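Peer 1: make a model of this:
(one chain, ligands or ions: 1)
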Amino acid sequence: MSGYRVGIVGATGVVGREALRVLRERNFPASALRLFASARSAGMRIGSLVVEAASRAAFHDLDLIIFDTPDEVARELVPSAAAAGALVIDNSAAFRMEPDVPLVIPEVNADALRQIPRRIIANPNCTTATIAVPLAPLHRAAGVRRLIACSYQSVSGAGQRGVDQLWAEVQEAGASRQPPDRPRGSAFAAPIAMNLIPAVGSLRGGAFSEEIKVAAELRKLLSAPRLAAGVTCVRVPTLVAHGVAVHAEFERPLDAARARELLAAAPGVELVDDPVAGRVPTTLLAAGRDPCLVGRIRLDEAGCLAFFAVADNLRKGAALNAIQIAERVIEMGLLTSKATF
Ligand SMILES: NC(=O)c1ccc[n+]([C@@H]2O[C@H](COP(=O)([O-])OP(=O)(O)OC[C@H]3O[C@@H](n4cnc5c(N)ncnc54)[C@H](OP(=O)(O)O)[C@@H]3O)[C@@H](O)[C@H]2O)c1
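Peer 2: Below is the predicted model:
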């Protein structure tokens, strides 16, 4: 069979499972598919495929490997996968800021794929992607110089454990008609059902790691090294899709009407911007879909261009973007199939 030999590492997690779905939905040209996870999951079946234990020696004979594992696992295994000859697209944060690893959203900076010296491509953080897809066309037109962004991040952003904790707490709260008095899981230090937690990642000085990642990744993706970004990330009790309120200042004038025009024409963006008719971008509208939904476009009182963006964190924030990168790499003639030699 013609096509590429593809591996998914972290295939039992929420992003890995979504990657498998997206590969199939998009008829990705895979001639073989191998699934990997930790040794705990070895032998588990996902559909007709059997999960293998990932190890440094396991990656021979693959053309493309998508990594959907925690950072420390990616740090250990991604270099071996690339050394074995595969092109690696990594969803973790392990390599995103390395200067010789392109960080890519195809609609934003596909040109960065021209240089892949380590055979590793990084996929951005899910909140970064939700901001960058609509911000990029505005930046191209008017040059963003400063932004304030506040996120509303679903529990699936914290992996399967986040989803499990929310369901356990929601069921208990529904039965008792009381908010949970302590967490029923290990994903979040506080209960997440009927709660908001303004702490995503680990504390680094005054900010949390997610906030630092979003600012740094936006600068890299947009090639905007001087962009000043004030970011606050908040975990909310939704299952899938992250929302972000963005307020941005530009070098050149950009009013709401022009911004709406640019966003209406932007790839990967769908406008949901008719608040009078009750049409605003919600996370339920974005979940399970590909586009980044954008609405509430306006100039705010402070003179900033403001908008609200929502995107499915498991799809555009992770699995879909990774597979769109792979598709673009194939279009550019940069992926070779070992099977053809
Ligand atoms: N969730 C999101 O919205 C999102 C968005 C963008 C990026 N990311 C990033 O994507 C990665 C995966 O996140 P997730 O949300 O899918 O997490 P998850 O649901 O917790 O899944 C983690 C996956 O990693 C596997 N794994 C753990 N230790 C391993 C090891 N030693 N060797 C091989 N595989 C191992 C797990 O396998 P077992 O089942 O065997 O433990 C599981 O398949 C993370 O780096 C995350 O930061 C996530």
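
Peer 1: and the residue of the chain at minimum distance from the ligand, backbone torsions?
Peer 2: Here the chain gets closest to the ligand at one residue, Gly13, 2.0 Å apart by C-beta to the nearest ligand atom. Heads up, the C-betas are built off the backbone N, CA and C, glycines and all. The phi and psi values for Gly13, taken as degrees, to the nearest 10, are phi -90, psi 180.

Peer 1: I'd assumed Arg161 was in contact with it.
Peer 2: No: counting by C-beta atoms under 8 Å, Arg161 is not a contact partner of Gly13; they are 9.6 Å apart.

Peer 1: more crowded one of the two?
Peer 2: Comparing Gly13 with Arg161 by other C-beta atoms under 10 Å, the one with more neighbours is Gly13, at 24 against 15.

Peer 1: now that one: how far from Asp100?
Peer 2: Separation of Gly13 from Asp100 (C-beta to C-beta, to the nearest Å): 27 Å.

Peer 1: now swap in Ala190 and tell me
Peer 2: Here Ala190 is placed at a distance of 39 Å from Asp100 (C-beta to C-beta).

Peer 1: do the same with Ala241
Peer 2: 32 Å.

Peer 1: so which of the two has more stuff around it?
Peer 2: Using other C-beta under 10 Å as the criterion, Ala241 and Asp100 rank with Ala241 on top: 31 against 10.

Peer 1: give me every residue that touches the more buried one.
Peer 2: Going by C-beta atoms under 8 Å, 6 or more residues apart in numbering, Ala241 touches 154, 283-284, 286-287, 310-313.

Peer 1: now it: closest residue in space that isn't a chain neighbour?
Peer 2: The shortest distance from Ala241 to any non-neighbouring residue, by C-beta to C-beta, 6 or more residues apart in numbering, is to Thr283 (3.8 Å).

Peer 1: counting neighbours, what do you get for that neighbour?
Peer 2: That count, for Thr283 with other C-beta under 10 Å as the rule, works out to 21.

Peer 1: any weak-confidence spans in the stretch 151-300 of the chain?
Peer 2: Within the stretch 151-300 of the chain, no stretch has pLDDT under 70.

Peer 1: residue ranges for the helices of it, please.
Peer 2: In the stretch 151-300 of the chain, the segments counted as helices under DSSP state H, counting those that start in this stretch are 160-176, 209-221, 256-264, 283-286.

Peer 1: so for Ile8, which of these sits nearest?
Peer 2: Closest approach to Ile8 among the helices of the stretch 151-300 of the chain (C-beta to C-beta): helix 160-176, 15.0 Å.

Peer 1: what's in contact with the closest one?
Peer 2: Contacts for helix 160-176 (C-beta under 8 Å, 6+ apart): 13-14, 154-156, 179-180, 183-188, 191-194, 237, 239.

Peer 1: one more pass at 6 Å, please.
Peer 2: Applying C-beta atoms under 6 Å, 6 or more residues apart in numbering, the contact partners of helix 160-176 are 13-14, 155-156, 179-180, 184-187, 191-193, 237.

Peer 1: may I see the buried residues of that helix?
Peer 2: Residues of helix 160-176 classed as buried: 160, 162-166, 168-170, 172-173 (neighbour count, 16 or more other C-beta atoms under 10 Å).

Peer 1: stretch 197-210 too?
Peer 2: Buried, per 16+ other C-beta under 10 Å, within stretch 197-210: 197, 200-201, 207-208, 210.

Peer 1: start to end distance for stretch 149-166?
Peer 2: Its first and final residues considered, stretch 149-166 spans 25 Å by C-alpha to C-alpha, to the nearest Å.

Peer 1: same check on stretch 311-320?
Peer 2: 11 Å.

Peer 1: what is the mean pLDDT for that stretch?
Peer 2: Stretch 311-320 comes out with an average pLDDT of 98.

Peer 1: could you check how far the residue nearest to Asn321 when sequence neighbours are not counted is from Met332?
Peer 2: Leaving aside its chain neighbours, Asn321 sits nearest to Asn123 (5.4 Å; criterion: C-beta to C-beta, 6+ apart). Separation of Asn123 from Met332 (C-beta to C-beta) stands at 17 Å.

Peer 1: show me the strands in the stretch 51-200 of the chain, by range?
Peer 2: Ranges of strands in the stretch 51-200 of the chain, per DSSP state E, counting those that start in this stretch, are 64-67, 87-90, 120-122, 144-153.

Peer 1: export these to a markdown table and tack on mean neighbour count and distance to Ala248?
Peer 2: Converted to a markdown table, the strands of the stretch 51-200 of the chain look like this (neighbours: other C-beta atoms under 10 Å; distance: least, C-beta to C-beta, whole Å):
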| stretch | mean neighbour count | distance to Ala248 |
| --- | --- | --- |
| strand 64-67 | 28 | 32 |
| strand 87-90 | 26 | 28 |
| strand 120-122 | 25 | 24 |
| strand 144-153 | 21 | 4 |
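
Peer 1: cheers, nothing more for now.
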